[in-house]
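# I would like the atomic coordinates for the input below:
(2 chains)
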Number of protein chains: 2
Amino acid sequence: MHSMWMAELAARSELPVATIKYYLRQGLLPAGEATGATRAVYDEAHVRRLRLIRALTDVGQMSLETVREVLAGIDDAGSVHDAVGSAHTRLGGTPEEPASDAALRVVADLLERHGWELAPDSPQRTVLARALDTLVGLDFPLTPEDLDGYAAAMASIAPAEVASVLADTREETAERAVIGTVLVEPVLLTIRRIAQENASREVSS
Amino acid sequence: MHSMWMAELAARSELPVATIKYYLRQGLLPAGEATGATRAVYDEAHVRRLRLIRALTDVGQMSLETVREVLAGIDDAGSVHDAVGSAHTRLGGTPEEPASDAALRVVADLLERHGWELAPDSPQRTVLARALDTLVGLDFPLTPEDLDGYAAAMASIAPAEVASVLADTREETAERAVIGTVLVEPVLLTIRRIAQENASREVSS
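This is a model prediction of the structure:
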């Protein structure tokens, strides 16, 4: 594997050396291989990891603390399913307020209708239920039919999405799971807005 | 229509009076109807507007400056299509860096394949192209087939989404277009994560 000094790592990742050293001190980036008292060499995995950190902070608008938790999940993952689940658990965050019982019931029914399971400690139930509560508070309740429409649309793309993150190593698969989840979101949401604009033209005319 | 004093407006919107007065001074909330030198009454439209501001800042994580631009779009909208387009234009923001020609070409081809049009000044082309550039930089390029999958999924739900924002008044329709776009996003993205977790279980087992 191609080895490089810090200067090349900075050039390849488009990050200042001072920033990279900060990430090393903070444990966000694994240490390089020491080649003397004060020198170390780095490899492609370091470049990949730095680009991921940059994308998560820039595009994903994550704090370094959240990035650290997401990366910890990557390094712990034992399987593709673990990698995806662990990334999602940390990306979901912990809702600050509890969801209503009514919304949690709607979510449980949705999961049951689609034969979906979630890890017992998954925050997704509460995250989704809280989002539904917010919409109810704005007089914009979603019906079970609305949710089924979203579920069918997401189920139609999920197998291809999961296949696209598979890589040679477990670590790289976990990194790709994070990229595929967080950094593809702007693509999906922008295409949604374009589709809505075009559907609204038909209503207006 | 039910009229109310400031105290009731604060209770109904769950916002402190000082915050509401700040929004009034900043022009985020239309003035109430004056009933004396120092008193004014408010109505349901004020309650709705305050709940929307709160949701956009809390859930949508928007700055007050962005909220102001989104609300300006609501108040200018002439039709459902205008309301949706105007909300999206302001929500999309202005990308700070230009997109690559290659990515803009991919977006133009996507729009053409799906028979989709966009307003000439729509930022969505550049927003989408920039997101694609980011993914290429992470060795996670999306293929035209990937994009077609997302486009088909979003086209399948767009007509119902547009229908769900229609309301009695133009202003309320525009407000609902913003809610339906921004505040339904967490619902869609969480359901996507749940669908991915379940699809990844089948890969792992």
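# just the strands in chain A please.
A:33-34, A:40-41 (DSSP state E).
# Can the longest helix seen in chain A be said to contact chain B?
Scanning chain A for the helix with the most residues, using DSSP state H, yields helix A:144-165. Yes. Counting by CB under 8 Å from any CB of the partner chain, contacts between helix A:144-165 and chain B involve A:146-147, A:149-164. No exception for glycine: its C-beta is placed from N, CA and C like everyone else's.
# That helix - contacts with which helices or strands?
helix A:80-92, helix A:101-113, helix A:170-178, helix B:144-165, helix B:185-204 (3 or more CB pairs under 8 Å, 6 or more residues apart in numbering or on different chains; DSSP states H and E).
# okay, these in JSON lines with mean pLDDT, distance to A:R125 and mean neighbour count next?
Formatted as JSON lines, the helices and strands packed on helix A:144-165 follow (pLDDT from 0 to 100; distance: least, CB to CB, whole Å; neighbours: other CB atoms under 10 Å in any protein chain shown):
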{"stretch": "helix A:80-92", "mean pLDDT": "67", "distance to A:R125": "10", "mean neighbour count": "24"}
{"stretch": "helix A:101-113", "mean pLDDT": "97", "distance to A:R125": "5", "mean neighbour count": "16"}
{"stretch": "helix A:170-178", "mean pLDDT": "83", "distance to A:R125": "20", "mean neighbour count": "23"}
{"stretch": "helix B:144-165", "mean pLDDT": "95", "distance to A:R125": "22", "mean neighbour count": "19"}
{"stretch": "helix B:185-204", "mean pLDDT": "88", "distance to A:R125": "9", "mean neighbour count": "22"}
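# Any idea which of those helices gets closest to B:H2?
helix B:144-165 (23.7 Å; CB to CB).
# Contact partners for A:D139?
B:R48 (CB atoms under 8 Å, 6 or more residues apart in numbering or on different chains).
# If I look at it, what pLDDT would I see?
pLDDT for A:D139: 87.
# Contacts (any at all) between chain B and stretch A:49-63?
Yes. Counting by CB under 8 Å from any CB, chain B has neighbours in stretch A:49-63: A:R51, A:L52, A:A55, A:V59, A:Q61.
# Also stretch A:196-205?
Yes. Applying CB under 8 Å from any CB, one finds stretch A:196-205 touching chain B at A:Q196, A:E197, A:N198, A:A199, A:S200, A:R201, A:E202, A:V203, A:S204, A:S205.
# who touches A:L29 in this structure?
A:I20, A:Y23, A:H46, A:R49, A:L50, A:I53.
# So which of the residues you listed is the closest to B:P16?
A:I53 (38.3 Å).
# isn't the closest one right next to A:T66, touching?
No. Between A:I53 and A:T66 there is no contact, the gap being 11.1 Å when judged by CB atoms under 8 Å.
# Counting neighbours around each, name which of the two comes out higher.
A:I53 (24 against 16; other CB atoms under 10 Å in any protein chain shown).
# Distance of the more buried one relative to chain B?
11 Å (CB to the nearest CB, to the nearest Å).
# who's in contact with that residue?
A:I53 touches A:Y23, A:L28, A:L29, A:V67, A:L71, counting by CB under 8 Å, 6+ apart.
# now A:R201
Contacts of A:R201 by CB under 8 Å, 6+ apart are B:H81, B:E117.
# do the same with A:E33
A:S3, A:A40, A:V41, A:Y42.
# Could you export those residues to CSV, including columns for pLDDT, neighbour count and distance to A:L118?
CSV is the format used below for the contacts of A:E33 (pLDDT from 0 to 100; neighbours: other CB atoms under 10 Å in any protein chain shown; distance: CB to CB, whole Å):
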residue, pLDDT, neighbour count, distance to A:L118
A:S3, 91, 14, 42
A:A40, 92, 16, 41
A:V41, 94, 16, 42
A:Y42, 96, 26, 38
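# got the residues you listed as CSV, with distance to chain B columns?
Supplementary listing: the contacts of A:E33 in CSV, determined by distance: CB to the nearest CB, whole Å:
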residue, distance to chain B
A:S3, 19
A:A40, 24
A:V41, 21
A:Y42, 17
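# Among those, which pair sits farthest apart?
So, the contacts of A:E33 by CB to CB: farthest apart are A:S3 and A:A40, at 9.8 Å.
# Looking at the contacts of A:I53, which are in helices?
Short answer: the contacts of A:I53 in helices (DSSP H) are A:Y23, A:V67, A:L71.
# what's the closest non-adjacent residue to the first one?
What it means is A:Y23. A:L29 (4.3 Å; CB to CB, 6 or more residues apart in numbering or on different chains).
# Sort the contacts of A:I53 by pLDDT and name the bottom one.
For the contacts of A:I53, the pLDDT minimum is A:L71, 83.
# Next, find the distance separating that one from chain B.
From A:L71 to chain B the distance is 15 Å (CB to the nearest CB).
# repeat for A:S63
Distance from A:S63 to chain B, by CB to the nearest CB: 12 Å.
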